[in-house]
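Give me coordinates for this.
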Amino acid sequence: QKQKNKNKNKGASEEQYGPCAQTLVMNVTDEIGHVGCAVKWFEIICKDRNITDPVEHFRSIVRAKLRGGELKPPFDVEAREKAGMRKEYYQWDPVTVEPSTGVNEH
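I've put the predicted structure just below:
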């Protein structure tokens, strides 16, 4: 008999859902860890560079680099919270700024 997964994220086991679901649960768990590390290091680097508001700095990068200037939902809020990523990082009323001119398009 296969041992049930002790992962608390989704509680899936190979016995219940098969190996594909088990793999997805493991991927979600890994991704939470990756996001947690990224947020931690992003904030450390911001502090080292005297950037006092890492959330606003992250938003400015998103506005400058992503088409449409915003992150697209849906968001796994629970997983992001487990990773230590506050909602302010990815849920806001975006103001699209033209990177070359710095002029608001609103």
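
Now do the strands in this structure.
Using DSSP state E, no strands are found in the chain.

What separation do you get for Phe58 and Glu43?
9 Å (Cβ to Cβ, to the nearest Å). All C-beta spots, glycine's among them, are computed from the backbone N, C-alpha and C.

Between those two, which has more neighbouring residues?
Using other Cβ atoms under 10 Å, the more surrounded residue of Phe58 and Glu43 is Phe58, with 20 against 16.

Tell me the pLDDT of Gly11.
Predicted confidence (pLDDT) for Gly11: 57.

The chain should start at 47 in everything you say after this.
Noted, 47 is the first residue going forward, which turns the last one into Gly57.

Enumerate every residue touching the closest residue in space to Val81 that isn't next to it in sequence.
Sequence neighbours aside, Ala129 is the residue nearest to Val81 in space, at 3.8 Å (criterion: Cβ to Cβ, 6 or more residues apart in numbering). Ala129 sits next to 78-79, 81-82, 85 when contact means Cβ atoms under 8 Å, 6 or more residues apart in numbering.

Format the residues you listed as CSV; extra columns: distance to Gln137, neighbour count and pLDDT.
Formatted as CSV, the contacts of Ala129 follow (distance: Cβ to Cβ, whole Å; neighbours: other Cβ atoms under 10 Å; pLDDT from 0 to 100):
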residue, distance to Gln137, neighbour count, pLDDT
Ile78, 18, 20, 93
Gly79, 22, 12, 92
Val81, 15, 18, 94
Gly82, 18, 15, 94
Val85, 15, 18, 96
